[in-house]
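A.B. asks: Build the 3D model from these lines:
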Amino acid sequence: MASPIALALHGGCGTPSRAELSAEREARIRAGLDRALTAGWAELRAGRPAVEAVAAAVVVLEDDPEFNAGRGAVFTAAGTHELDACIMVGTGQHAGAVAGVTRIRNPILAAREVMERGEQVLVAGPGAERMAEAAGLAMVDPSYFSTEERRQALAEVQRLQKRTGSMDGASAAQRHGTVGAVALDRAGHLAAATSTGGFTNKTPGRVGDTPIPGAGTWADEMVAVSMTGQGEFMLRLAAAKEIAVRIAYRGVSLGPACAGMIRDLDQMKCGAGLVAVDRWGRVALPYNTDGMFRASMTEAGGKTVAIFRD
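C.D. replies: Take a look at the predicted model:
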């Protein structure tokens, strides 16, 4: 019997407040989420593997300057971009990731190249770029990723840091964001993909949870998870894998397992969110920030595109 198909994606939990988000920008963001959802859903509807769906959805989000991945990525403290991405399939837990790349247009495709080669899991910096270029992936000048909005966010955060000695007063929208997708295909296979520019004013060389299987990205035969938020906390908790552990070994269902992880992160004063799908096609999209750019589609529940707690 064929499995139900399901897809969920996020564009990060670093959202502006309702008051800060103009109607025009909200419309652009919703349209971007809808395009990504449409791209991923088309793969699933055509009977293709879940990994194709999550890659297609994340490429759309990486190409959209409204999100902190690919074009539109935030700046490091040095005024540069360093991008991370990971993709993972549930059957066999095969995974690939890249970190600290500066010239690969779509880091998620480079992560997939690492996975498909099967020799390593994580390749960083110039080595990842040489591999991507040799594989024929699109390469760009680092300036391609820059937008004026992200440049202004860097200046604001650096002014705050100079004045107060920390970035604690920076808003979630100023500091961070991530994109990701999870999917269940007709064969009952799961996959997850996550991509990010990190957080504004990060130390050059910093790597967060996104490219680390089990921290920001996870897929096995029971569940697929993509996290967003302050990655250091997800690294410390192995957050994405912990959700899978609660489902597999504690008998917790998807919704409570995901909500429990968000509560744990909230107690650590970490703004966070995630999207997840299980082998039965159930979807979860919890977060503890003002909002999370998110969208989902299932055969049973229909389509959702949302930002706030509407």
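A.B. asks: and residue 209, that one's in a helix?
C.D. replies: No - counting by DSSP: H, G, I helix; E, B strand; the rest coil, residue 209 is not part of a helix but coil.
A.B. asks: Could you tell me what pLDDT the model assigned to it?
C.D. replies: Per-residue pLDDT puts residue 209 at 98.
A.B. asks: Kindly report the same for residue 172.
C.D. replies: pLDDT for residue 172: 68.
A.B. asks: shift numbering so it begins at 139
C.D. replies: Let's use 139 as the start, then, which means that last one is residue 310.
A.B. asks: How about residue 392: what's its closest non-neighbour residue?
C.D. replies: Leaving aside its sequence neighbours, residue 392 sits nearest to residue 416 (Cβ to Cβ, 6 or more residues apart in numbering; 4.5 Å). (C-beta placed from N, C-alpha, C; glycine too.)
A.B. asks: residue contacts, that neighbour?
C.D. replies: 322, 328, 360, 361, 385, 391, 392 (Cβ atoms under 8 Å, 6 or more residues apart in numbering).
A.B. asks: So the second one sits against residue 188, correct?
C.D. replies: Just to be clear, that refers to residue 328. Yes - look at residue 328 against residue 188 with Cβ atoms under 8 Å: they come within range, at 5.7 Å.
A.B. asks: Please, which helix or strand holds residue 326?
C.D. replies: In this structure, residue 326 sits in neither a helix nor a strand according to DSSP states H and E.
A.B. asks: In the helix or strand containing residue 394, which residues are buried?
C.D. replies: Residue 394 belongs to helix 392-405 when assigned by DSSP H and E. Under the neighbour-count criterion of 16 or more other Cβ atoms under 10 Å, helix 392-405 has 392, 395, 396, 397, 398, 399, 400, 403 buried.
A.B. asks: What values do phi and psi take at the closest residue to residue 243 other than its chain neighbours?
C.D. replies: Excluding its sequence neighbours, the residue lying closest to residue 243 (Cβ to Cβ, 6+ apart) is residue 276, at 4.0 Å. The phi and psi torsions at residue 276 (degrees, to the nearest 10) take the values phi -70, psi 130.
A.B. asks: Could you report the distance from residue 398 to residue 155?
C.D. replies: Going from residue 398 to residue 155 by Cβ to Cβ, to the nearest Å gives 26 Å.
A.B. asks: Same question for residue 356.
C.D. replies: Residue 356 sits 30 Å away from residue 155, going by Cβ to Cβ.
A.B. asks: for residue 407, same thing?
C.D. replies: Look at residue 407 and residue 155: by Cβ to Cβ, they are 19 Å apart.
A.B. asks: cool, and residue 328?
C.D. replies: Distance, residue 328 to residue 155, using Cβ to Cβ: 34 Å.
A.B. asks: So the two - more neighbours on which side?
C.D. replies: residue 328 (29 against 12; other Cβ atoms under 10 Å).
A.B. asks: what's the nearest residue to the more buried one if we skip its chain neighbours?
C.D. replies: Excluding its sequence neighbours, the residue lying closest to residue 328 (Cβ to Cβ, 6+ apart) is residue 228, at 3.7 Å.
A.B. asks: cool, and residue 292?
C.D. replies: residue 213 (4.2 Å).
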